[in-house]
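pasting the sequence and the predicted model now:
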Amino acid sequence: MVDADQTFVIVGGGLAGAKAAETLRAEGFTGRVILICDERDHPYERPPLSKGFLLGKAERDSVFVHEPAWYAQHDIELHLGQTVDAIDRAAKTVRFGEDGTIVRYDKLLLATGAEPRRLDVPGTGLAGVHHLRRLAHAERLKGVLTHLGRDNGHLVIAGAGWIGLEVAAAAREYGAEVTVVEPSPTPLHGVLGPELGQLFTELHREHGVRFHFGVRLTEIIGQDGVVLAARTDDGEEHPAHDVLAAIGAAPRTALAEAAGLEIADRAHGGGIVVDERLRTSDPDIHAAGDVAAFPHALFGTRMRVEHWANALNGGPAAARAMLGQDVVYDRVPYFFSDQYDLGMEYSGWAPPGSYDQVVIRGDAGKREFIAFWVKEGRVLAGMNVNVWDVTEQIQRLVRSKAQVDIEALSSPHVPLESLGA
């Protein structure tokens with residue numbers, strides 16, 4: 001039973017936390033809502049940090065989830081620049097790290113997100129070594145790319161995942177020289193596999209990006225605090241004025257671990273173990289967004305999803321579960337990317353080894369197509385590249401688990417709606 005005397009605390013001021021707070025009020029909760037954000041900026045969305053904002057095509061204010069005044073207008077107690085350093089599950093309290101303030105909760109949502117993985121090589125302390133996770137990082141990197149483009153400077157990017165590739169595209173648009181170092185044989189190898197990873201290799205090479213696959217950074221060379229080059233484990237030195245570490249993100253689970261909550265193993269992406277209602281091993285504590293490892297009945301596994309849509313949908317789902325509503329969080333994973341003139345959306349889950357073929361529908365040469373990852377005739381995932389308004393149909397195919405005719409799947413003349421019926 002939820003009443004007006006209850007206090008719901010949300011730790012984490014990203015998209016998941018902000019949307020959870022919004023949902024609590026939208027669903028009629030009249031108790032206290034306390035939102036604790038360790039950044040001094042109001043809650044914001046992260047995709048623009050490597051896309052529109054980084055490119056100078058979106059204003060700073062456009063990244064925020066709500067106008068600053070919205071929080072007071074909806075009686076959300078927003079604490080910016082505050083951390084929580086302890087949870088006392090028996091007393092049902094959280095403790096602020098800065099001044100030791102103790103706040104009692106009836107329900108607690110952990111939306112602590114993830115943090116960029118750090119390069120463990122000599123030279124990472126140099127001023128020209130960057131990460132991209134926060135708005136402050138993007139503001140700094142925007143200035144760096146402007147400077148590199150003006151002076152024909154060199155950026156070395158460690159990692160050819162989504163962040164690495166989006167920053168590479170932005171850097172080339174600014175006019176910087178770009179080298180990407182990646183231990184896998186293609187970009188996005190663990191997400192798209194070699195078949196579609198090669199497409200991104202060709203896209204970026206056409207725009208002047210240099211790739212070095214099958215190698216890792218071993219040292220960032222500098223002098224007087226300035227980056228001069230990056231060395232890889234094949235002995236090569238690559239000219240660099242700046243280096244971006246884009247080697248993935250790790251869920252921020254330290255607070256949950258210290259509180260004794262169950263944590264997923266690395267095979268399932270780490271993160272805080274939750275059930276289908278996003279409840280942790282403590283029924284009064286929920287988790288959502290990048291940090292939550294949830295069971296997905298459709299794919300028969302526990303997964304942790306770091307993309308925007310998971311925060312957008314997971315925060316509200318957790319809020320409704322906290323209110324006692326009957327919630328099952330089983331959204332089909334979805335993400336999108338924009339690089340140069342290529343826009344794409346991906347729906348589903350098809351890690352390497354889970355599928356037996358990739359089916360192309362459309363013209364891959366013109367980069368106008370849909371790719372389907374298929375196992376035994378069933379669509380596990382689909383990626384539309386410069387083809388729009390098909391996400392609903394792709395997700396329906398994934399959810400149906402129906403066997404489809406491969407020839408029909410590959411034909412642009414057969415309506416997607418007619419497949420898997």
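Cool, got the structure. Just so it is clear, the model here is predicted, and its values are computed rather than measured.

how about the helices in the protein?
For the chain, the helices defined by DSSP state H occupy 15-26, 68-73, 135-151, 162-174, 189-206, 254-258, 308-322, 391-400, 406-410.

out of the ones you listed, nearest to residue 51?
Nearest to residue 51 among those is helix 162-174; the distance by Cβ to Cβ comes to 6.2 Å. No exception for glycine: its C-beta is placed from N, CA and C like everyone else's.

quick one, that closest one and helix 135-151 angle?
If you take axes from the mean of the first three to the mean of the last three Cα atoms, to 10 degrees, helix 162-174 sits at 40 degrees to helix 135-151.

in this structure, where is pLDDT below threshold?
1-2, 421 (pLDDT under 70).

repeat the analysis, applying 80 as the threshold.
For the chain, the stretches with pLDDT under 80 are 1-4, 267-269, 420-421.

residue 107: which of the helices of the chain is closest?
Residue 107 lies closest to helix 308-322 among the helices of the chain, at 4.3 Å (Cβ to Cβ).

and that closest one, how far out from the chain middle?
14 Å (Cα atoms, centre = their mean, to the nearest Å).

buried sites along it?
Neighbour-count burial for helix 308-322 flags 308-322 (criterion: 16 or more other Cβ atoms under 10 Å).

what lies in contact with it?
8, 14-24, 27, 45-47, 107, 109, 111, 277-279, 286-290, 292, 327, 329, 331, 333-336 (Cβ atoms under 8 Å, 6 or more residues apart in numbering).

ok, the nearest residue to residue 190 once chain neighbours are set aside - contacts?
Nearest in space to residue 190, with sequence neighbours left out and distances taken as Cβ to Cβ, 6 or more residues apart in numbering, is residue 352 at 6.4 Å. Taking Cβ under 8 Å, 6+ apart, we find residue 352 in contact with 189-190, 193.

filter these to the buried ones?
The neighbour count (16+ other Cβ under 10 Å) marks 189, 193 as buried among the contacts of residue 352.

and of the contacts of residue 352, the nearest to residue 268?
residue 190 (14.4 Å).

the closest one touches residue 350, doesn't it?
No - counting by Cβ atoms under 8 Å, residue 190 does not reach residue 350; the two are 10.9 Å apart.

residue contacts, the residue nearest to residue 280 when sequence neighbours are not counted?
Excluding the flanking residues, the one nearest residue 280 by Cβ to Cβ, 6+ apart is residue 261, at 4.9 Å. Counting by Cβ under 8 Å, 6+ apart, residue 261 makes contact with 272-273, 280-282, 285.

from the contacts of helix 308-322, list the buried ones, please.
Buried among the contacts of helix 308-322 (16+ other Cβ under 10 Å): 8, 14-24, 45-47, 107, 109, 111, 277-279, 286-290, 292, 327, 329, 331, 333-336.

picking that back up, tabulate the contacts of residue 352 (JSON lines), appending distance to residue 59.
Below are the contacts of residue 352 laid out as JSON lines (distance: Cβ to Cβ, whole Å):
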{"residue": "189", "distance to residue 59": "35"}
{"residue": "190", "distance to residue 59": "34"}
{"residue": "193", "distance to residue 59": "37"}
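
which non-adjacent residue is nearest residue 183?
residue 216 (5.1 Å).

from memory the one you found sits against residue 184, does it?
No - with contacts counted by Cβ under 8 Å, residue 216 stays clear of residue 184, the gap being 10.4 Å.

distance of the residue nearest to residue 183 from residue 249?
The gap separating residue 216 from residue 249 is 18 Å, by Cβ to Cβ, to the nearest Å.

got it, and residue 196?
Residue 196 is 22 Å from residue 249, by Cβ to Cβ.

those two - which one has more neighbours?
residue 196 (22 against 17; other Cβ atoms under 10 Å).

can you tell me who the closest residue in space to the more buried one that isn't next to it in sequence pairs with across the strands?
Excluding its sequence neighbours, the residue lying closest to residue 196 (Cβ to Cβ, 6+ apart) is residue 371, at 5.7 Å. Beta-bridge partners recorded for residue 371 (DSSP bridges): residue 360, residue 383.

mind listing what residue 371 touches?
Here residue 371 is in contact with 195-196, 358-361, 364, 382-383, 385 (Cβ under 8 Å, 6+ apart).

list the contacts for the spatially closest residue to residue 403 that is not a sequence neighbour?
With sequence-adjacent residues excluded and distances taken as Cβ to Cβ, 6+ apart, residue 403 is closest to residue 377, at 3.8 Å. The contact partners of residue 377, taken as Cβ under 8 Å, 6+ apart, are 403-406.

doesn't residue 383 make contact with residue 192?
Yes - using Cβ under 8 Å, residue 192 makes contact with residue 383 at a distance of 7.3 Å.

re earlier: top of the contacts of residue 377 by neighbour count?
Neighbour counts for the contacts of residue 377 peak at residue 404, which has 21 neighbours (criterion: other Cβ under 10 Å).

let me know how buried the closest residue to that residue other than its chain neighbours is, in neighbour terms.
Setting aside the residues directly before and after it, residue 404 is nearest to residue 419 in space (Cβ to Cβ, 6+ apart), at 4.8 Å. Using other Cβ under 10 Å, residue 419 is surrounded by 19 other residues.
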